[in-house]
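[1] model this:
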Amino acid sequence: MAQSMFGLLVEIGTPAKTPKPSGFSTGGKTGKLRSKRTRYPVVKKRKSPIKKAKNLKI
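    Okay, the predicted model is just below:
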């Protein structure tokens, strides 16, 4: 049974995809300039004074 399985796989093929090449990445096109990402200001959240007042009453 195991000997005939190889011949069967050769005939049918495999559902697996071909492996991707490893090593250096292809990267972007040569000579194309890349723009830097837009920077946004940091938003700092503060503690609400209302929540402190609720906890003190209990």
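
[2] Which secondary structure state is assigned to residue 34?
    coil (DSSP: H, G, I helix; E, B strand; the rest coil).

[3] Run through the residues that contact it.
    With contact set as Cβ atoms under 8 Å, 6 or more residues apart in numbering, residue 34 has these partners: residue 28. (C-beta placed from N, C-alpha, C; glycine too.)

[4] What does the pLDDT read for it?
    According to the prediction, residue 34 has pLDDT 82.

[5] and what of residue 41?
    Reading off the model, residue 41 has pLDDT 95.

[6] What about it, how many residues nearby?
    Neighbour count of residue 41, defined by other Cβ atoms under 10 Å: 5.

[7] now the end-to-end length of stretch 21-38.
    The first and last residues of stretch 21-38 sit 33 Å apart, counting by Cα to Cα, to the nearest Å.

[8] Tell me which helix or strand residue 7 sits in.
    Using DSSP states H and E, residue 7 sits in helix 2-12.

[9] mind showing which ranges of the protein have poor pLDDT?
    1-2, 26, 49-58 (pLDDT under 70).

[10] Pick out the residue nearest the middle of it.
    Central residue of the chain (Cα atoms, centre = their mean): residue 25, 16.0 Å from the mean position.

[11] which stretch of helix or strand covers that one?
    Counting by DSSP H and E, residue 25 is part of no helix or strand.

[12] how far away is it from residue 9?
    Per Cβ to Cβ, to the nearest Å, residue 25 is found 33 Å from residue 9.

[13] which residues does the residue nearest to the centre of the chain contact?
    No contacts exist for residue 25 under Cβ under 8 Å, 6+ apart.

[14] what's the answer for the one 3 residues further on, then?
    Taking Cβ under 8 Å, 6+ apart as the criterion, residue 28 is in contact with residue 34.
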